[in-house]
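**Student:** Below is the sequence, then the predicted model.
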Amino acid sequence: MWRHILRRLLWMPFLLGIVSAITFLLGTYGPGDPVQVMLGSKYDEVTAERLRDSLGLNRPVIVQYADYISNAMRGDFGESLRFRGRSVSSLLVSKMWVSFQVNLAAMVVSLSLGLPLGFWIAHRQGSWVDPASIALSLMLMSIPIMVSIPLVLWALCLKLHWVPCAGWGGLFDLRIIVPAITMGIPGIAGLARLMRASTLDVMGQDFIRTAHSKGIGPITVDYRHILRNAIIPIITILSFSLAGMLTTGFITERLLGIPGVGDFAIQSIFNRDYPVIMAFTLILSAAFVVANLLADIAYTFVDPRIRYS
């Protein structure tokens, strides 16, 4: 297993290099001029040229890219073009921490309800519960978040007065409830459907029938054999969800006034704030690579049949 981990880690700089090069070239040769966005109505060619020189934008592209990668390897992603004097790292870390807390609350809601529900539904196959749950999960997954947020706000904030209507106060503040519910509902439905399908597949395997024929109790079969094998496909989904915890949907942030990274990233794209876009892309790509590696490691603990050479 350690060889597999080492190989994956050695591939990581290569993959991030490709992602960074593509993002850098798109930012350099893509439409729009960051200098023009920065100057706005005060734009003139002399001032713009002077600003390009001070930012190093007139240097050859390969030199700009080499300098950026060299600094990024030391954790320095440069300064924001929009927020002059503010480092990209300080801007992203604070906003990603907010997004991580929101996604953590939503993931807790999804996992704590979706997995047990899907496992329970699989054991009710053939009854009215099974088709009703499938129809309900499809309905919940299809509700847009711009619809679910107003509904939850109306119920919990305006009608029951249980939570504040907007703003951000941290993970242990009542205002976390609304984004956790609205972002967690599609996760509950999706995980329940996936867990149901995976459980039914495992329940039809020969080793489960053998376990029953040996007189092993149903509780032992359920939790030692069925659940342990049914959870394997869930690990893949959770690995991508884990990487995505660093970013939040900008619609959720806009509607609820959450100072996360989603809306900040969108604004950076519109303002051609290339240092922020580059850093955000690299951090998110690295998170996906690491999350995928953690999923591979988790497979070996859940399923002893999986071994990496």
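**Tutor:** Ah, there it is.

**Student:** what sits against the closest residue in space to residue 75 that isn't next to it in sequence?
**Tutor:** Nearest residue to residue 75 in three dimensions, chain neighbours excluded: residue 89, at 6.5 Å (C-beta to C-beta, 6 or more residues apart in numbering). The C-beta positions use only the backbone N, C-alpha and C, and glycine is treated the same way. Residues near residue 89 by C-beta atoms under 8 Å, 6 or more residues apart in numbering: 75-77, 279.

**Student:** check which helix or strand covers residue 89.
**Tutor:** If you go by DSSP states H and E, residue 89 is part of helix 88-122.

**Student:** now residue 49
**Tutor:** Assigned by DSSP H and E, residue 49 falls in helix 45-55.

**Student:** What are the contacting residues of the helix or strand just after that helix?
**Tutor:** Scanning forward in sequence from helix 45-55 by DSSP H and E, the next helix or strand is helix 61-72. Residues outside helix 61-72 that contact it (C-beta under 8 Å, 6+ apart): 17, 20-21, 24-25, 28, 56-57, 77-78, 278-279, 282.

**Student:** sorry, back to before: any idea how far the residue nearest to residue 75 is from residue 110?
**Tutor:** 30 Å (C-beta to C-beta, to the nearest Å).

**Student:** Give me the buried subset of the contacts of residue 89.
**Tutor:** Neighbour-count burial (16 or more other C-beta atoms under 10 Å) is assigned, among the contacts of residue 89, to 77, 279.

**Student:** Serialize the contacts of residue 89 to a markdown table and add fields for secondary structure, pLDDT and distance to residue 215.
**Tutor:** As requested, the contacts of residue 89 are exported to a markdown table (DSSP: H, G, I helix; E, B strand; the rest coil; pLDDT from 0 to 100; distance: C-beta to C-beta, whole Å):
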| residue | secondary structure | pLDDT | distance to residue 215 |
| --- | --- | --- | --- |
| 75 | coil | 80 | 59 |
| 76 | coil | 83 | 64 |
| 77 | coil | 83 | 61 |
| 279 | helix | 86 | 59 |
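
**Student:** thinking in terms of the whole chain, how far from its middle is the worst-scoring helix or strand of the chain on mean pLDDT?
**Tutor:** The least trusted helix or strand in the chain, going by mean pLDDT, DSSP states H and E, turns out to be helix 34-39, with a mean of 72. The chain centroid and the centroid of helix 34-39 are separated by 31 Å under C-alpha atoms, centre = their mean, to the nearest Å.

**Student:** pull the CA atoms of that helix into PDB?
**Tutor:** Output of helix 34-39 as PDB, limited to C-alpha atoms (Å, rounded to 0.1, in the frame of the first residue of the first chain):
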ATOM      1  CA  PRO A  34      -7.400  42.900 -15.500                       C
ATOM      2  CA  VAL A  35      -5.700  46.300 -15.700                       C
ATOM      3  CA  GLN A  36      -8.700  47.800 -17.400                       C
ATOM      4  CA  VAL A  37     -10.900  46.400 -14.700                       C
ATOM      5  CA  MET A  38      -8.700  47.800 -12.000                       C
ATOM      6  CA  LEU A  39      -8.600  51.300 -13.400                       C
END
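
**Student:** List the residues that contact the residue nearest to the spatial centre of the chain.
**Tutor:** By C-alpha atoms, centre = their mean, the chain has its centre lying nearest to residue 244, at 1.0 Å. Contact analysis of residue 244 by C-beta under 8 Å, 6+ apart lists residue 103.

**Student:** how close does it get to residue 256?
**Tutor:** For residue 244 relative to residue 256 (C-beta to C-beta), the value is 18 Å.

**Student:** cool, residue 171 as well?
**Tutor:** From residue 171 to residue 256 the distance is 15 Å (C-beta to C-beta).

**Student:** before we move on, the earlier item: what's the helix holding residue 49 packed up against?
**Tutor:** helix 34-39 (3 or more C-beta pairs under 8 Å, 6 or more residues apart in numbering; DSSP states H and E).

**Student:** Report the buried residues of the helix it packs on.
**Tutor:** 34-35, 38.

**Student:** from those, which single one is nearest residue 49?
**Tutor:** When the buried residues of helix 34-39 are compared for distance to residue 49 (C-beta to C-beta), residue 35 wins out at 8.7 Å.

**Student:** ok so, going back, other SSEs contacting the least confident helix or strand of the chain?
**Tutor:** helix 45-55.

**Student:** could I get the helix it packs on in PDB with only the CA atoms?
**Tutor:** As requested, the backbone C-alpha atoms of helix 45-55 are provided in PDB (Å, rounded to 0.1, in the frame of the first residue of the first chain):
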ATOM      1  CA  GLU A  45      -3.000  54.000 -22.000                       C
ATOM      2  CA  VAL A  46      -0.100  55.600 -20.100                       C
ATOM      3  CA  THR A  47      -1.400  54.700 -16.700                       C
ATOM      4  CA  ALA A  48      -2.300  51.200 -17.900                       C
ATOM      5  CA  GLU A  49       1.100  50.600 -19.300                       C
ATOM      6  CA  ARG A  50       2.800  51.800 -16.100                       C
ATOM      7  CA  LEU A  51       0.600  49.500 -14.000                       C
ATOM      8  CA  ARG A  52       1.300  46.600 -16.300                       C
ATOM      9  CA  ASP A  53       5.000  47.100 -15.800                       C
ATOM     10  CA  SER A  54       4.600  47.300 -12.000                       C
ATOM     11  CA  LEU A  55       2.600  44.100 -12.000                       C
END
